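**Q** no sequence on this one, just coordinates:
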C-alpha cells in the first residue's frame, strides 16, 4: 500500500509485526482461530512515537490510542443471528470472527492514517461508509459494525471526555518523549511581564515566578522533598522474651502468688483475663513481682508504697490490648504479652495519685500533678493540694523537663503581667467613661466636658494603638523564644513529633512518664542490671537517627530529668509512708459531663 493511501501506517519497530487478515482465517483451524483471533493479532500495538514523527498531532495519536484500547480484545461470541438487539438463534462463531477481523481491519486502516484531531473525529463516518460497502445489506452491516462494540456501546464515537483525556496524555509529553513523573499534569502559564504561575488543571499550585525555568525548578524541589524517605514515628520495640539480668533475686526461688504480690506492694487487687492460662498467669505473676521490686529499688521507695496507698490495681489481659493506665478505674492494664511499659504506666498512676492527694472531696475528672498542656511553653500547674515541699519538687521537675533558659521564661512572665495590668487599666478607664456619660446628659454638660472627654479619649487611643499592641508583640516574641531557644531539647523533640500527632508527645503526663522511664532504666543500669519487663526501648540514642524525633531526653538533660523525677518521688514518699491517700473514691467513678 502506498504511503499516501488511506490505510497507510508509519514505519517503525512494529512495522514488520505480522497482522492477522480475513484471508488468514481460511488457513487455520477453528480451535486455533478461537485462541489466536483478537485485537492484538489484527491490530498490533503501533509505534506511537513513529506515528507522531510522521507528522501526526500528539493529541490525535492519543485519541487513536484511546479508541484502540476501547475495542474488545476478543470477538463477541454468542450474539444473536438476526440482530444484536433481538433474536434467539446464536450466530456461528466463524461468521463472528470474520466480521470482527474485517471491521477491525477497516478501523485500523482509517485511524492509523489520521494526522489531526479533526481527522480522528471524522474517521467514524468514513469507517461506517466502508463497513456499509463491505457488509451484505443492512443486517450484515449492523453485524459488522457492532462486532467491535463493547457491551452494546459504540467504541468508535469520540466525545468530550476522550478529548480531555487526549489533552491530558499529550500534556505529559507522550508520545514524543518521557516527561518526568514529578512534572506530569502541571503546566506553566504567564509571561515575563505579568510573571509565571504553575497550575494543575484549573487549580493554581504556585504563583509569582520570574521565569518558566524557576517554576519548574520549584516543582522539582517540592517533588524531591515528597519523594524523600519519610522519617518514622518512634515506636517501642516489640518484646518477645523479656530479659532480667544483673539484679538480685526477689522471690527466693518461690513462685509469686496473688495474695503475696498484692500484700507485698500494697495493691488494691491483681486480676488476670479469662484467656490468660494458668502457666501464663504464673509467669506473669513472677515477672511482675520482680519488676515491681526493681521499680521500688530504682525509685528509692519501700515496696509497699508501689500500690499508692492501696488505690492501684494491676491487671493482665483485661480491658486493653496494650499496656496503659486507666485513671477512671485506677488500674494499670497490661497485655498478656510483655510490652516493657510497666514503668511508664506506673508513672501515670503516680502522677494521677499526686494530683488528687489530700483533696477534701471527690473530683469528677482525673486530675494530674503534671498539670494541663499549653500550646506554647511549660504546662500550667495546679499544686494547691500539695505541701510546699511537694509543690516545689513538682514545679522544679516541670521546669527541668521544659525550660532550658529560665531568663526567657521570666521575661515572658514579666511581659504577661505588664500586659494584664495595662488591659485592666484600659477596661477601668472605659468603664468610668461610660459611667460619666450616663451621669451627665448632653444638655447638662458644661464647658469642661469636652476637654475631659478629649483627654480620656486620647489616653485610650494611645493604649489601644501603641501600648497594648507593642506589649502583645513583645510577649509573642518572648513566648517564641521560650519555645525555641528557651526550651530543652527534650521538649523541642516532643514538639517535632507532635506536628502530625495532635500534641500527643507534648502532653505533660507523657513527658513525665518518659522521664521516669529513663530514671528507672539508668538507675538499674548503674547497678549493672536491666529488666525489660519493667522498662524497654528507652536507651539513650536509640531514636537519634531515622526517626522524626527522639521522644526521650539525652545527655545532660537526661541526667537532670532523672534527678528531678527522683526528687519528686522522694518528696511524695513521706505522704505515701503516712498513708495519706486521696480522698476521692477508689474504683470506677462517674465521668465528667
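**A** Right, received. Where do you want to start? In this text, all values refer to a predicted model and were calculated from it rather than measured experimentally. Residues are numbered from 1 along each chain as shown.
**Q** roughly how far apart are the nearest residue to residue 42 once chain neighbours are set aside and residue 73?
**A** Spatial nearest neighbour of residue 42, chain neighbours left out: residue 104 (4.5 Å); criterion: C-beta to C-beta, 6 or more residues apart in numbering. Using the backbone N, CA and C atoms, a C-beta is placed for each residue, glycine as well. Computed as C-beta to C-beta, to the nearest Å, the residue 104 to residue 73 distance reads 11 Å.
**Q** what about residue 139, which helix or strand?
**A** Using DSSP states H and E, residue 139 falls within helix 137-145.
**Q** on that earlier part again, thought the residue nearest to residue 42 was touching residue 72?
**A** No - counting by C-beta atoms under 8 Å, residue 104 does not reach residue 72; the two are 9.5 Å apart.
**Q** burial measure for residue 352, as a count.
**A** Residue 352 has 25 neighbouring residues, counting by other C-beta atoms under 10 Å.
**Q** how about the strands in the stretch 101-250 of the chain?
**A** In the stretch 101-250 of the chain, the strands defined using DSSP state E, counting those that start in this stretch lie at 186-191, 195-200, 203-209, 244-245.
**Q** winner for burial among those strands?
**A** The highest mean neighbour count among the strands of the stretch 101-250 of the chain, using mean count of other C-beta atoms under 10 Å, belongs to strand 195-200: a mean of 17.
**Q** list the pairing partners of that strand within its sheet, with orientation.
**A** strand 186-191 (antiparallel), strand 203-209 (antiparallel) (DSSP bridges).
**Q** quick revisit: for the residue nearest to residue 42, list the residues it contacts.
**A** 39, 42, 43, 71, 147, 148 (C-beta atoms under 8 Å, 6 or more residues apart in numbering).
**Q** swap in residue 318?
**A** Residue 318 touches 271, 272, 273, 333, counting by C-beta under 8 Å, 6+ apart.
**Q** so the last one, which of the three states?
**A** Read it as residue 333. State at residue 333, reduced to three classes by DSSP: H, G, I helix; E, B strand; the rest coil: strand.
**Q** residue 315 is in contact with that one, correct?
**A** Yes - contact criterion C-beta under 8 Å: residue 333 and residue 315 qualify, at 5.0 Å.
**Q** any idea of the mean pLDDT in stretch 48-65?
**A** Here stretch 48-65 scores 91 as its mean pLDDT.
**Q** and it, end to end?
**A** End-to-end distance for stretch 48-65, by C-alpha to C-alpha, to the nearest Å: 8 Å.
**Q** please apply the same query to stretch 179-193.
**A** Using C-alpha to C-alpha, first and last residues of stretch 179-193 are 28 Å apart.
**Q** contacts for that stretch?
**A** 168, 171-173, 196-201, 205, 209-212, 215-216, 219-220, 223-224, 227.
**Q** for stretch 449-458, same thing?
**A** Contacts of stretch 449-458 (C-beta under 8 Å, 6+ apart): 429, 432, 433, 436, 440.
**Q** put together JSON lines for these, with neighbour count and secondary structure on each row.
**A** What follows is those, written out as JSON lines (neighbours: other C-beta atoms under 10 Å; DSSP: H, G, I helix; E, B strand; the rest coil):
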{"residue": "429", "neighbour count": "15", "secondary structure": "helix"}
{"residue": "432", "neighbour count": "11", "secondary structure": "helix"}
{"residue": "433", "neighbour count": "16", "secondary structure": "helix"}
{"residue": "436", "neighbour count": "14", "secondary structure": "helix"}
{"residue": "440", "neighbour count": "14", "secondary structure": "coil"}
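**Q** CSV for those residues, including distance to residue 60?
**A** CSV is the format used below for these (distance: C-beta to C-beta, whole Å):
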residue, distance to residue 60
429, 77
432, 81
433, 78
436, 83
440, 86
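**Q** check these and tell me the two furthest apart.
**A** Greatest spatial distance among these (C-beta to C-beta): 429 and 440, at 16.4 Å.
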